[in-house]
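A.B. asks: can you look at this prediction? I've put the sequence above it.
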Amino acid sequence: DAKTTQPNSMESNEEEPVHLPCNHSTISGTDYIHWYRQLPSQGPEYVIHGLTSNVNNRMASLAIAEDRKSSTLILHRATLRDAAVYYCILTQGAQKLVFGQGTRLTINP
Amino acid sequence: DVKVTQSSRYLVKRTGEKVFLECVQDMDHENMFWYRQDPGLGLRLIYFSYDVKMKEKGDIPEGYSVSREKKERFSLILESASTNQTSMYLCASSFGGLPGDTQYFGPGTRLTVL
């Protein structure tokens, strides 16, 4: 499975944008980039995914580098409820998800 | 919204007991998964199923078995629980058949084996 690298932790302030980076230099042409997050005491929750183009949904935006070796999850206006562990995962379809350690995001009031 | 439910949030069992963890999804998903989550080890796949009565081993199947008699229900069975199976167990489901398939997770069952 292709590997992703994320910072262990990040901190931001409420109502400010947050950019969560992910490196995936060994990504293959058929790998999708998925982001999940896990709030305390809950199961992981899907956030967004993409293949080549940037993607937006109601939760976040995903910016994918032109060479696809990195991507950034963007929370446009962080709230306290966005404090969670964020996982960047490469998938090739209906297969297992390989979760790394993720980035623990802390939001300061 | 997709809903994945798990039978218990917290469970305490004794060593040697047979343990059943139940998972139900309400979106007619083809695929279902069982993971366990441990501090420092992240989520690891135990078993998954692509269809009724179909099952595939994940990365850590030892000590576990599964059952999928109906499409909406996927059970994880610990034949003889041991203390090293104390963990958070997470069930997930996905539609299946799509390259960008998304998994939907249940709230988890925290199992303690004494």
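C.D. replies: Looks like it arrived, so ask away.

A.B. asks: which ones are touching the closest residue in space to B:Leu111 that isn't next to it in sequence?
C.D. replies: Spatially, and ignoring its direct neighbours in sequence, B:Leu111 is nearest to B:Leu11 (4.8 Å; CB to CB, 6 or more residues apart in numbering or on different chains). The C-beta positions use only the backbone N, C-alpha and C, and glycine is treated the same way. B:Leu11 makes contacts with B:Val19, B:Leu21, B:Thr109, B:Arg110, B:Leu111, B:Thr112, as judged by CB atoms under 8 Å, 6 or more residues apart in numbering or on different chains.

A.B. asks: doesn't the second one lie inside a strand?
C.D. replies: Yes. When classified by DSSP: H, G, I helix; E, B strand; the rest coil, B:Leu21 is found to be part of a strand.

A.B. asks: and the residue nearest to B:Leu111, how far from B:Glu79?
C.D. replies: To B:Glu79, B:Leu11 is 16 Å away according to CB to CB, to the nearest Å.

A.B. asks: any idea how far A:Ser53 is from the most centrally placed residue in chain B?
C.D. replies: In chain B, the C-alpha nearest the mean C-alpha coordinate belongs to B:Trp34, at 2.7 Å (CA atoms, centre = their mean). Going from B:Trp34 to A:Ser53 by CB to CB gives 33 Å.

A.B. asks: also B:Leu90?
C.D. replies: Going from B:Leu90 to A:Ser53 by CB to CB gives 30 Å.

A.B. asks: those two: who's more crowded?
C.D. replies: The neighbour comparison of B:Leu90 against A:Ser53 (other CB atoms under 10 Å in any protein chain shown) goes to B:Leu90, with 26 against 8.

A.B. asks: surely that one is in contact with B:Met32?
C.D. replies: No. Counting by CB atoms under 8 Å, B:Met32 is not a contact partner of B:Leu90; they are 11.5 Å apart.

A.B. asks: and the residue of chain A closest to chain B?
C.D. replies: Nearest to chain B, among the residues of chain A, is A:Gly43, at 3.4 Å (CB to the nearest CB).

A.B. asks: now that residue. Nearest residue, chain neighbours left out?
C.D. replies: In this structure, A:Gly43 finds its nearest non-sequential neighbour in B:Phe105, 3.4 Å apart by CB to CB, 6+ apart.

A.B. asks: that's all I had, so thanks and see you.
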